[in-house]
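*Asks:* sequence first, then the predicted structure, then my questions.
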Amino acid sequence: MVVFLVAATACETAAPYDVVLLGGRVMDPESSLDAVRNVGVRDGRVAEITEGTVVGRDTVVAAGLVVAPGFIDLHAHGQDSVGSRLQALDGVTMALELEIGVYPVAAWYRSKEGRAVIHYGATVSHLGARVALMHGRDVGHWPTNPEAAPRLGPNPRGLYGKATPPEVDGLAELIARGLGEGALGVGFGINYTPGAAPDEIERLFQVAQERGRPVFVHTRTFGLDAIREAIAAAEKTGAALHIVHIGSSANRSVPAALELIRAARARGVDVTTEVYPYTAASTRIESAIFDAGWRQTLNIDYGHLEWPATGERLTATSFARHRRDGGWVIIHMMAPEMVALAVAAPDVLISSDGVPFVNGTGHPRGAGTFARVLGRYVREQGALSLMEALRKITLLPALRLEAAVPAMRNKGRLRVDADADITLFDPQRVIDRATFRAPTQPSAGIAHVLVGGVFVVRDSALVDGVTPGRGVRAGVGGAP
């Protein structure tokens, strides 16, 4: 019996950790730690970061690799298995649908339980609530529901109709219900719901503010006036505001847009923004964005539109045909220098805005956003430091959410007791490989990815049969 106890104690001492990462360059944006360390993971959390010896049941020699917090994407429409797996190969450990959101909320979370490779979560959708109220239809997650728009018919009231005062009351009730089911905030695609008047938007901002949740907003149109409208509504109601994809929303006015945001922040408005590192946007061609006047609004013409399935640039004739039939289109509209400015700005988060892939076609941002920042903007261009880039893809996204979801305080960091969502990459090799003609090519240089202490990517390959992703929720249990 004595021999048994001694042997057991020795075993416990020799292998205290589930996973050990040896000799990697540990980079933590919160503490600014940037040094070679050994990391021990136990029960889904970081248990030790040390220069000393650590032993684990599963060991990775991380020499030459950066060991960083897992990347957090606040704006990911590719909420399906294809999109999630490609994002894992891009170093993402959490992909959230915060712009368009979902409706109903609880049902969407249930649909993903036990099936997710990476962590997931969503806002309650203003668009979805409008459709539910005015059409009696639950669209779930609009971008991955191909039946959502066709079932509503042309110019549906849920998108184009002005809500009556009783309907605004009804929308407030539906939004409050979604927040009660754990939604991370309220998602507004105002450009897609032109019938939503400013007073309706302000009322629903107020609902979010009263429940301590942020609002995530695709502005009413492109340009500075729409950004001013969103900021004014946040200032009036006190809501925390996140303006999505400033590169496309502001287009050639990014410097002026950032000045507006910084000035609002200086006045006490809680406002943040994001950018994706591409000069092309993507959305559905049948959406309100392409209603009459779109060429003037976007300052582009038909030839700036690309049909992903064929690579063709559109004409007036092909545009009319595709708009009638519907589908995703790529919009070549942003100036490279404007995107580069936003990517390098220290107060602008990085998010992908990745859209669902359809039969292997789509926009490459859903597969390559984070490796693109690390490879092209950090290593090749020197536009920002590696630590600053990591801060924009890990810590800042966590900070944006943690007031509403306190458990996010253990995300986006690499420290003892943080959740073991960890990405290891080779800073000399990391690069995006997805292109507009081959958008599902996985990134290179992402060596290992752990989600909750479980490998989902090992030696740059997906691990089969693991689904450690958990739903991130507010008010009903928090984040995983």
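*Replies:* That came through fine. Predicted model, so just to flag it, every value in this text is computed and none were measured.
*Asks:* just the buried positions in the top helix by length along the chain, please.
*Replies:* Selection of the longest helix in the chain by residue count, based on DSSP state H, yields helix 165-180. For helix 165-180, the neighbour count (16 or more other C-beta atoms under 10 Å) marks 167-168, 170-172, 174-179 as buried. Every C-beta, even on glycine, is put in place using the N, C-alpha and C of the backbone.
*Asks:* now for it, which elements pack on it?
*Replies:* When contacts are defined as 3 or more C-beta pairs under 8 Å, 6 or more residues apart in numbering; DSSP states H and E, helix 165-180 packs onto strand 119-125, helix 126-135, strand 186-189, helix 198-210.
*Asks:* and Leu314, which of these is closest to it?
*Replies:* Nearest to Leu314 among the helices and strands packed on helix 165-180 is strand 186-189 (22.7 Å), distances taken as C-beta to C-beta.
*Asks:* pLDDT on that closest one, on average?
*Replies:* Across strand 186-189, the average pLDDT comes to 98.
*Asks:* that one pairs with which strands, parallel or anti?
*Replies:* strand 119-125 (parallel), strand 215-218 (parallel) (DSSP bridges).
*Asks:* what angle do the longest one and helix 165-180 make?
*Replies:* In other words, strand 119-125. 160 degrees (axes from the mean of the first three to the mean of the last three C-alpha atoms, to 10 degrees).
*Asks:* use 48 as the first number from now on
*Replies:* Got it, first residue is 48 now, which makes that one strand 166-172.
*Asks:* where does the protein dip in pLDDT?
*Replies:* 48-62, 196-197, 523-527 (pLDDT under 70).
*Asks:* residue contacts, the closest residue to Val501 other than its chain neighbours?
*Replies:* Spatially, and ignoring its direct neighbours in sequence, Val501 is nearest to Pro515 (4.0 Å; C-beta to C-beta, 6 or more residues apart in numbering). Residues in contact with Pro515 (C-beta atoms under 8 Å, 6 or more residues apart in numbering) are 163-164, 498-501, 503.
*Asks:* okay if I get the residues you listed as a markdown table plus neighbour count?
*Replies:* Formatted as a markdown table, the contacts of Pro515 follow (neighbours: other C-beta atoms under 10 Å):
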| residue | neighbour count |
| --- | --- |
| Ala163 | 19 |
| Val164 | 26 |
| Val498 | 29 |
| Gly499 | 22 |
| Gly500 | 21 |
| Val501 | 19 |
| Val503 | 26 |
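*Asks:* narrow those residues to those in strands?
*Replies:* In strands, judged by DSSP state E, the following of the contacts of Pro515 are found: 498, 501, 503.
*Asks:* just put the residues you listed in TSV and tack on distance to Gly373.
*Replies:* Below are these laid out as TSV (distance: C-beta to C-beta, whole Å):
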residue	distance to Gly373
Val498	34
Val501	38
Val503	33
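*Asks:* returning to that earlier point: what's the farthest-apart pair in the contacts of Pro515?
*Replies:* Ala163 and Gly500, at 15.2 Å, using C-beta to C-beta across those.
*Asks:* show me which residues of stretch 98-106 are buried.
*Replies:* 101, 103.
*Asks:* any idea how far apart the tips of that stretch sit?
*Replies:* 16 Å (C-alpha to C-alpha, to the nearest Å).
*Asks:* over to stretch 159-169?
*Replies:* End-to-end distance for stretch 159-169, by C-alpha to C-alpha: 12 Å.
*Asks:* just the residues contacting that stretch, thanks.
*Replies:* With contact meaning C-beta under 8 Å, 6+ apart, stretch 159-169 is reached by 126, 128, 131-132, 134-135, 139-145, 148-149, 152, 155-156, 188, 230-231, 234, 468, 498-499, 503, 509, 513-520, 526-527.
*Asks:* still on that earlier bit, need the three-state assignment for the residue nearest to Val501.
*Replies:* Under DSSP: H, G, I helix; E, B strand; the rest coil, the three-state class of Pro515 is coil.
*Asks:* and if you look at Ile96?
*Replies:* Relying on three-state DSSP, one would call Ile96 strand.
*Asks:* so Glu146 sits in a strand?
*Replies:* Yes. Glu146: assigned to a strand according to three-state DSSP.
*Asks:* and the residue lying closest to it once chain neighbours are set aside, what does it touch?
*Replies:* Sequence neighbours aside, Val291 is the residue nearest to Glu146 in space, at 4.8 Å (criterion: C-beta to C-beta, 6+ apart). By C-beta under 8 Å, 6+ apart, Val291 lies in contact with 122, 145-146, 263-265, 320-321, 398, 400.
*Asks:* let's go with 10 Å and repeat that
*Replies:* Shown in contact with Val291 (C-beta atoms under 10 Å, 6 or more residues apart in numbering): 121-122, 145-147, 234-236, 263-266, 320-323, 396, 398, 400.
*Asks:* picking that back up, in ChimeraX, select just the buried ones from the contacts of stretch 159-169.
*Replies:* Buried residues within the contacts of stretch 159-169, by 16+ other C-beta under 10 Å, are selected in ChimeraX with:
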select :126,131,132,134,135,139,140,141,142,143,144,145,148,149,152,155,156,188,230,231,234,468,498,499,503,509,514,515,516,517,518,519,520,526,527
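*Asks:* and Gln256, how far from Gly285?
*Replies:* Distance of Gln256 to Gly285, given as C-beta to C-beta, to the nearest Å: 5 Å.
*Asks:* what's the overlap in contacts for those two?
*Replies:* Residues touching both Gln256 and Gly285 (C-beta under 10 Å, 6+ apart) are Asp317.
*Asks:* is it true that Ala94 touches Leu68?
*Replies:* No. Judged on C-beta atoms under 10 Å, Ala94 makes no contact with Leu68 at a distance of 11.5 Å.
*Asks:* which one of the two is surrounded by more residues?
*Replies:* The residue with more neighbours, out of Ala94 and Leu68, is Leu68; 28 against 22, by other C-beta atoms under 10 Å.
*Asks:* what sits against the residue lying closest to the more buried one once chain neighbours are set aside?
*Replies:* Residue nearest to Leu68 in three dimensions, not counting chain neighbours: Val86, with 4.2 Å by C-beta to C-beta, 6+ apart. For Val86, the contacting residues are 64, 66-71, 73, 93-97, 101, 103, 107, 109, 114, 461, 463, 467, 469, 471, taking C-beta under 10 Å, 6+ apart as the criterion.
*Asks:* show me the beta-bridge partners of Val86.
*Replies:* Val86 has these beta-bridge partners by DSSP bridges: Leu68, Ile96.
*Asks:* gap between it and Gly71?
*Replies:* On the measure of C-beta to C-beta, Val86 and Gly71 end up 7 Å apart.
*Asks:* next, show the common contact partners of the two.
*Replies:* Joint contacts of Val86 and Gly71 (C-beta under 10 Å, 6+ apart) are 107, 109, 114, 469, 471.
*Asks:* how about the nearest residue to the second one, chain neighbours excluded?
*Replies:* Leaving out its chain neighbours, the residue that sits closest to Ala109 by C-beta to C-beta, 6+ apart is Gly71, at 3.0 Å.
*Asks:* is that neighbour in a helix, a strand, or coil?
*Replies:* Gly71 ends up strand, using three-state DSSP.
*Asks:* got a list of what it touches?
*Replies:* Counting by C-beta under 10 Å, 6+ apart, the residues that Gly71 touches are 82-86, 107-115, 469, 471-472, 494-495.
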